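Novice: Okay, predicted coordinates and the sequence, questions at the end:
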Amino acid sequence: QLQMQESAPGLVKPSQTHSLTCAISRGSITTNYYGWSWIRQPPGKGLEWMGVILWNGMTFYSPSLTSRTSISRDTSKNQFSLQLTSATPEDTAVYYCAKISGTQYDYWGQGTQVTVSS
């Protein structure tokens, strides 16, 4: 069964850039028609979709985050990453990576807490 594991710095200072990585095991990031997403949940709020990188490398971002967000992948390591610039306390959240197949998110990482604070 496919597994996904996020890694992140945990604590980020305001205005800094932070990067998260999602390592995929028991599955390939280049499998046709799969998408690999980043989703976050701020404290006390709902899930927020941030963006996706598709099996062919194409990326799509949330309009509200597109100016600060970049998703990339390393096929040799079977992982993908999120970079978010100009961090603010509003970026404090649990960040999840998730696989989308068709219209369903069928696999999720366990989530990792990122706190933006000075």
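Specialist: Alright, I've got the coordinates.

Novice: Quick one: residues contacting T17.
Specialist: Taking Cβ atoms under 8 Å, 6 or more residues apart in numbering, we find T17 in contact with Q83, L84, T85, S86, A87. For every residue, glycine as well, the C-beta is placed using N, CA and C.

Novice: How many residues are close by K45?
Specialist: 9 (other Cβ atoms under 10 Å).

Novice: cool, and L2?
Specialist: 13.

Novice: For it, report the pLDDT, please.
Specialist: At L2, the pLDDT value in this model is 94.

Novice: Look at the nearest residue to it once chain neighbours are set aside and tell me its secondary structure.
Specialist: Closest residue to L2 apart from its sequence neighbours, by Cβ to Cβ, 6 or more residues apart in numbering: G27 at 3.7 Å. With DSSP: H, G, I helix; E, B strand; the rest coil as the basis, G27 sits in coil.

Novice: what helix or strand is the most centrally placed residue in the chain on?
Specialist: The centroid of the chain falls nearest to W38 when counting by Cα atoms, centre = their mean (2.8 Å). In the assignment (DSSP states H and E), W38 maps to strand 34-41.
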